[in-house]
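Novice: give me a 3D structure for the following:
(chains A and B)
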Amino acid sequence: QKEVEQDPGPLSVPEGAIVSLNCTYSNSAFQYFMWYRQYSRKGPELLMYTYSSGNKEDGRFTAQVDKSSKYISLFIRDSQPSDSATYLCAMSGFGNEKLTFGTGTRLTIIP
Amino acid sequence: NAGVMQNPRHLVRRRGQEARLRCSPMKGHSHVYWYRQLPEEGLKFMVYLQKENIIDESGMPKERFSAEFPKEGPSILRIQQVVRGDSAAYFCASSPPSTSSNQPQHFGDGTRLSIL
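Specialist: Purely as a prediction, here's the structure:
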């Protein structure tokens, strides 16, 4: 079993829809949770960075962490064609800097 | 450009040659990380370095791979005697120093290594 599981998609939604992306994990030592966006032939771009459980909102993006269920989510409101990319979840333990990534979900927003 | 800089962007080598990948961290960042991304797979951690020190190399293959981050100049990931299986995208990330909590890592655009 992988430490971090993420549905690879692909996921296609119409413009303006709410997108829900999620990851599950098995390592209870993970304390920091991130979402990255990666466009084709580019590096991952940090979208959201959260510590422990709870919600964090930044513009159209909301990240949720439920440590009791070992489940994290990223919501994108009012989705735009420019949101079309691969979304990677990543996590790390306190004092352990290395990131463990999900395989990524490929998202397409249809105009 | 204040971001993480990687070069070259594309590198082609023949089997048995050496590959050198360079990474300059963001200004003010003293921690460097290398990750490898194989087709249809997520990024896999390789090594974490601070200036002149390897902090965690648990993801590095035991042979042919080495990394350094000298006092002056960029971090270097070196692959000796490359094989076809080394073909991948190699990403570098950097973060600022911290004594109290993990800091977010920011990535470069990677070096795409192709082995003929």
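
Novice: lowest-pLDDT helix or strand in the chain?
Specialist: In the absence of a named chain, chain A is used. Least confident element among the helices and strands of chain A, by mean pLDDT, DSSP states H and E: strand A:96-101 (a mean of 90).

Novice: actually it's chain B I care about, not the one you picked
Specialist: Least confident helix or strand of chain B, by mean pLDDT, DSSP H and E, is strand B:53-56 with a mean of 94.

Novice: near chain A at all, that one?
Specialist: Yes. Against chain A, strand B:53-56 shows contacts by C-beta under 8 Å from any C-beta of the partner chain at B:55, B:56. The way it works is simple: take the backbone N, C-alpha and C, and place the C-beta from them, glycine included.

Novice: could you export that strand as CSV, CA atoms only?
Specialist: Extracted C-alpha coordinates of strand B:53-56, given in CSV (Å, rounded to 0.1, in the frame of the first residue of the first chain):
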residue,chain,number,x,y,z
ASN,B,53,26.0,19.0,4.5
ILE,B,54,23.8,16.1,3.4
ILE,B,55,20.9,15.9,5.8
ASP,B,56,18.9,13.0,4.4
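
Novice: what distance separates it from the centre of its chain?
Specialist: 13 Å (C-alpha atoms, centre = their mean, to the nearest Å).

Novice: from the contact counts, what lies against it?
Specialist: Here strand B:53-56 touches strand A:96-101, strand B:43-50, going by 3 or more C-beta pairs under 8 Å, 6 or more residues apart in numbering or on different chains; DSSP states H and E.

Novice: what lines up beside that strand in the sheet?
Specialist: Its sheet considered, strand B:53-56 pairs with strand B:43-50 (antiparallel) by DSSP bridges.

Novice: which SSE is immediately downstream of the least confident helix or strand of chain A?
Specialist: Beyond strand A:96-101 in the direction of the C-terminus, DSSP states H and E gives the next helix or strand as strand A:105-110.

Novice: got the contact list for the closest residue to residue A:51 other than its chain neighbours?
Specialist: Excluding its sequence neighbours, the residue lying closest to residue A:51 (C-beta to C-beta, 6 or more residues apart in numbering or on different chains) is residue A:32, at 5.6 Å. By C-beta atoms under 8 Å, 6 or more residues apart in numbering or on different chains, residue A:32 lies in contact with A:49, A:50, A:51, A:91, A:92, A:93, A:94, B:102.
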